[in-house]
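In: Sequence and predicted structure, then a few things I'm wondering about:
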Amino acid sequence: MSQSNTENRADIGKKAGLIGVLTNIFLATGKLIAGIVSKSTSIIADAVNNFSDGISFVITMIGFKLSQKPADADHPYGHARFEYVASLIVSIVIMFVGFELAKSSVEKIISPQAVVFSMITVVILAVSILVKIGLCVYNAKTAKKIHSATLKATAADCRNDAIVTLVILAANLLEHFTGLSVDGYAGLFVAAFILFSGIMLVRETSSPILGKKNDDTLKSAILKKLEEYPIVVGYHDLMIHDYGPGISFCSIHFEVDKNLDPLYVHELIDKFEREMSAYGTHMTVHYDPVVIDSPELNRWKRTAVNALLERDSRLSLHDFRSIPCDGFTKVFFDVPLPEDLQGKESELKAIVEEKLNGLNECKFQAEISFESYAFN
């Protein structure tokens, strides 16, 4: 992603934040007045909820602003991850509001107090529902447009707010027409919903900070681009490091025929790295020369591959090579290992050696490096 695109993305995010701040201040003020007049704990709690939403939008704006900071000596990969931090803070604020609403609702259940009904309160709550639905749609579309986890969390919060206010409005109408004291119970139900939503959002927004596996969009783009480079006979160790929305650093190993001119291969690799910048990533390629014209080595490799596949269809190998030793041949290769097969390394080594020695060509020893399955 270019600098201009990054700035444009941040400007869109800050605009969404400003709209959210102003809207929530307006809604919170109206609900606070209505809650005080009607003596409704749930409406006052909803007003506090809107004030906290205003704070969340301020955090969103700050997150987008800080994410614009260019790379410096202390942060050579930039500051785009500030947006992930902002997303996490918004999620925690949502959980805090849910807890406080649960607390006030329990107090209302223990010590019920009659709610004073008025059409003004109904109008304020109805308008709030419509405004929150509008904000939810706006933030969801904007989040999709600029791929923002922060605005996605904010859209979910707006949706929750609309549900909260709808339940509160329904409870007030029910209490007015039936005389049942349901204000506290309505608030408790809403609090549980908000808390659950907050927990889910914390899980979702903390994952990128912890180094969550990227989605397959960029990986698919890289592999599709590889189809334009027939000199690459294999790849492995594809690592994608996410440093914020639209900013990533990738590394990959290319297997290339050792007989090709290294200068020619180097030029093509440089070309591939340059072309990948169009996908918003900084690509680094490691060049692995491999032997592809040795019938003997290819036969040994096929035997090792088949041995692994018979054990588990997910297994594969790369960087297969050999060296003659005193009385035996040592073969070297790497195997990406699924998590559920960790601890089975000795078993896999024995399986491969048994198959190779079954060729009756010479005695084999296998030197296997087991790698993370996620990068291959």
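Out: Okay, I see it.
In: residues touching the residue of the chain most remote from its centre, list them.
Out: Most distant residue from the mean C-alpha position of the chain: Gly327, 52.2 Å away (CA atoms, centre = their mean). Residues near Gly327 by CB atoms under 8 Å, 6 or more residues apart in numbering: Lys363. Any C-beta I mention is one placed from the backbone N, CA and C, and that applies to glycine too.
In: how far away is it from Gln365?
Out: Distance from Gly327 to Gln365, counting by CB to CB, to the nearest Å: 10 Å.
In: swap in Asp53?
Out: Taking CB to CB as the measure, Asp53 and Gln365 are separated by 65 Å.
In: For those two, work out which one has more neighbours and name it.
Out: Counting neighbours by other CB atoms under 10 Å for Asp53 and for Gln365 shows that Asp53 has the greater number, 28 against 14.
In: Give me the phi and psi angles of the more buried one.
Out: Comment: the main-chain dihedrals of Asp53 come out as phi -60, psi -40, following degrees, to the nearest 10.
In: which residue sits closest to it in space, ignoring its chain neighbours?
Out: Nearest non-adjacent residue to Asp53, counting by CB to CB, 6 or more residues apart in numbering: Asn24, 4.4 Å away.
In: who's in contact with Leu309?
Out: Leu315, Ser316.
In: what's the distance between it and His266?
Out: Following CB to CB, the distance that separates Leu309 from His266 is 34 Å.
In: Same question for Glu371.
Out: Between Glu371 and His266 the distance, using CB to CB, works out to 25 Å.
In: repeat for Ala191
Out: As judged by CB to CB, Ala191 and His266 stand 62 Å apart.
In: again, but for Gly13
Out: Plainly put, Gly13 is 40 Å away from His266 if you go by CB to CB.
In: Sketch out the low-pLDDT regions of the chain for me.
Out: Screening the chain residue by residue with the criterion pLDDT under 70, one finds the ranges 1-7, 9-10, 60, 113-115, 117, 149, 211-215, 245-246, 376.
In: Only the buried residues of the longest helix belonging to it, if you could.
Out: When the chain is parsed with DSSP state H, its longest helix is helix 3-38. For helix 3-38, the neighbour count (16 or more other CB atoms under 10 Å) marks 6, 9-10, 12-14, 16-17, 19-21, 23-24, 27-28, 30-32, 34-35, 38 as buried.
In: returning to that earlier point: among Ala191 and His266, which residue is more densely surrounded?
Out: When neighbours are counted by other CB under 10 Å, Ala191 and His266 differ, and Ala191 comes out ahead with 24 against 12.
In: How about the more buried one: what's its closest non-neighbour residue?
Out: Spatial nearest neighbour of Ala191, excluding adjacent residues (CB to CB, 6+ apart): Ala102 at 3.6 Å.
In: So the one you found, which state does it fall into?
Out: Following DSSP: H, G, I helix; E, B strand; the rest coil, the label given to Ala102 is helix.
In: Spit out the contact partners of it.
Out: For Ala102, the contact set (CB under 8 Å, 6+ apart) comprises Gly187, Leu188, Ala191, Ala192, Leu195.
In: Give me the distance between the first one and Lys132.
Out: So that's Gly187. Between Gly187 and Lys132 the computed distance is 17 Å (CB to CB).
In: The two: which is more packed in?
Out: Using other CB under 10 Å, the more surrounded residue of Gly187 and Lys132 is Gly187, with 30 against 25.
In: The most centrally placed residue in the chain: which element?
Out: In the chain, the centroid-proximal residue (CA atoms, centre = their mean) is Pro208; its distance is 4.9 Å. Pro208 is part of helix 183-210 when elements are defined by DSSP states H and E.
In: what inclination does that helix have with respect to helix 3-38?
Out: With axes from the mean of the first three to the mean of the last three CA atoms, to 10 degrees as the criterion, the two stretches helix 183-210 and helix 3-38 enclose an angle of 160 degrees.
In: Against which helices or strands is the following helix or strand past helix 183-210 packed?
Out: Helices and strands here follow DSSP H and E; after helix 183-210, the next one along the chain is helix 216-226. Using 3 or more CB pairs under 8 Å, 6 or more residues apart in numbering; DSSP states H and E as the contact criterion, the neighbours of helix 216-226 among helices and strands are strand 232-242, strand 248-257, helix 262-276.
In: switch the cut-off to 6 Å
Out: Based on contacts counted as 3 or more CB pairs under 6 Å, 6 or more residues apart in numbering; DSSP states H and E, there is no element that helix 216-226 packs against.
In: Could you give me the buried positions within it?
Out: In terms of neighbour count (16+ other CB under 10 Å), helix 216-226 has its buried residues at Leu218, Ile222, Leu226.
In: what comes into contact with that helix?
Out: Val232, Ile240, Tyr279 (CB atoms under 6 Å, 6 or more residues apart in numbering).
In: Mind checking what helix or strand follows the host helix or strand of Glu296 in sequence?
Out: Using DSSP H and E, Glu296 sits in helix 295-311. Taking DSSP H and E as the definition, the helix or strand that follows helix 295-311 towards the C-terminus is strand 318-325.
In: now the angle from that following strand to helix 295-311?
Out: For strand 318-325 against helix 295-311, the angle between stretch directions is 120 degrees (the same axes, to 10 degrees).
In: packing partners for the helix or strand following strand 318-325?
Out: Downstream of strand 318-325, the first helix or strand assigned by DSSP H and E is strand 328-337. In terms of contact count using 3+ CB pairs under 6 Å, 6+ apart, strand 328-337 is assigned the packing partners strand 318-325, strand 364-372.
In: Relative to the shortest one, what are the paired strands and their orientations?
Out: Each strand that pairs with strand 318-325, with its direction, by DSSP bridges: strand 328-337 (antiparallel).
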